[in-house]
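Chemist: here is a sequence with its predicted model. Questions after.
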Amino acid sequence: MKVAIHNFQEFPKTMLLMGLLYRVCGNYNESKYYLEKSLQQNKKLNNFENNIEIGINLHELGKTYSFLYENEKAKEMCKNGCEILEKKLGKNHPITCRALNNFAVVLYKKGEYKESKQL
């Protein structure tokens with residue numbers, strides 16, 4: 001599918017939304033493609049360690065990897081996303097809480113029950 005974007009700064013957001021849309025529809029490989037593109041562009045445009053959008057992107061990509069049973073990648077992405085979101089938004093922010101909850105689910109799926117419960 002071709003997507004026309006007139007504002008280059010909006011490209012990562014558009015790719016993120018496309019990835020989320022494909023994931024909701026159950027097309028996880030397409031979701032992964034668009035979320036990876038979004039992350040790639042976000043890294044080019046923003047400071048990797050201090051950007052909320054990158055934290056959200058990593059978290060959402062981790063969820064998609066989990067649906068694809070790529071649990072090690074899912075764990076890594078979710079962990080990195082949560083770390084960024086905790087730094088920028090705080091541990092009690094709703095976005096961070098949702099990301100931590102999803103990270104706990106990923107850990108649980110990997111059989112890391114103790115670590116999952118600690119989150």
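Modeler: Good, I have the coordinates. Numbering: from 1, shown residues only.
Chemist: poorly predicted segments of the chain, please.
Modeler: 1-9, 46-50 (pLDDT under 70).
Chemist: all helices of it, in order?
Modeler: For the chain, the helices defined by DSSP state H occupy 11-24, 28-45, 52-67, 71-89, 94-109, 113-118.
Chemist: deepest of those, which one?
Modeler: Burial of the helices of the chain is given as mean neighbour count (mean count of other C-beta atoms under 10 Å); helix 52-67 ranks first at a mean of 23. Backbone N, C-alpha and C define where each C-beta goes, glycine included.
Chemist: give me the helices and strands touching that helix, please.
Modeler: helix 11-24, helix 28-45, helix 71-89, helix 94-109 (3 or more C-beta pairs under 8 Å, 6 or more residues apart in numbering; DSSP states H and E).
Chemist: please render those as JSON lines that adds distance to Ile54 to the earlier fields.
Modeler: Shown next, in JSON lines, are those (distance: least, C-beta to C-beta, whole Å):
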{"stretch": "helix 11-24", "distance to Ile54": "9"}
{"stretch": "helix 28-45", "distance to Ile54": "5"}
{"stretch": "helix 71-89", "distance to Ile54": "6"}
{"stretch": "helix 94-109", "distance to Ile54": "12"}
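Chemist: out of those helices, which comes closest to Gly55?
Modeler: For Gly55, the closest of those is helix 71-89, at 3.3 Å, according to C-beta to C-beta.
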